[in-house]
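Undergrad: Structure for this input, please:
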Amino acid sequence: MINENEFNAELNRLRSNLQSAIPPIANTRLHRNLWPRLLERIETPPPSVSFGMPWFDWALLGIAAISMVFVPALIPALLYHL
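TA: As a prediction, this is how the structure comes out:
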């Protein structure tokens with residue numbers, strides 16, 4: 001069993017090892033204001049949107065349609081996930 005003095009010594013050794021491994025951060029200030037860029041990004045639509053859907057949604061829709069044509073047994077499973 002470890003007594004309290006050994007535990008504190010081990011804890012201090014671990015603390016000093018962690019402090020030496022991670023240097024303090026010198027400059028934590030931002031160089032510019034990010035809020036206007038975030039608002040601009042929210043207001044502009046994504047460039048690859050057609051009819052309100054991105055390209056990967058169209059790809060999934062095409063895969064689902066092709067699978068219903070070639071494997072009709074998948075229709076109940078696809079309808080279940082809608």
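Undergrad: Number of residues surrounding Leu78?
TA: Other residues lying near Leu78 total 13 when counted by other Cβ atoms under 10 Å. In short, each C-beta sits where N, CA and C put it, glycine included.
Undergrad: Under the pLDDT cut-off, which ranges of the protein? List them.
TA: For the chain, the stretches flagged by pLDDT under 70 are 1, 46-50.
Undergrad: any idea which helix is longest in it?
TA: Counting by DSSP state H, the longest helix found in the chain is helix 4-21.
Undergrad: neighbouring contacts of that one?
TA: Ile2 (Cβ atoms under 8 Å, 6 or more residues apart in numbering).
Undergrad: Need the CA coordinates for the following helix or strand past that helix. CSV is fine.
TA: Per DSSP states H and E, the first helix or strand lying C-terminal to helix 4-21 is helix 35-43. Extracted as CSV, the C-alpha positions of helix 35-43 are listed here (Å, rounded to 0.1, in the frame of the first residue of the first chain):
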residue,chain,number,x,y,z
TRP,A,35,-18.0,36.3,-36.6
PRO,A,36,-18.5,38.2,-39.9
ARG,A,37,-17.0,35.4,-41.9
LEU,A,38,-19.3,32.9,-40.1
LEU,A,39,-22.4,35.0,-40.8
GLU,A,40,-21.4,35.3,-44.5
ARG,A,41,-20.9,31.5,-44.7
ILE,A,42,-24.3,30.8,-43.2
GLU,A,43,-26.1,33.2,-45.5
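Undergrad: Mind giving me the packing neighbours of helix 35-43?
TA: Of the remaining helices and strands, none touches helix 35-43 by 3 or more Cβ pairs under 8 Å, 6 or more residues apart in numbering; DSSP states H and E.
Undergrad: following that helix, which helix or strand shows up next?
TA: In N-to-C order, the element after helix 35-43 by DSSP H and E is helix 55-70.
Undergrad: what residues does the following helix or strand past that following helix touch?
TA: Under the assignment DSSP H and E, the closest C-terminal helix or strand after helix 55-70 is helix 75-80. Helix 75-80 is contacted from outside by 64, 67-68, using Cβ under 8 Å, 6+ apart.
Undergrad: Good, we can wrap up now.
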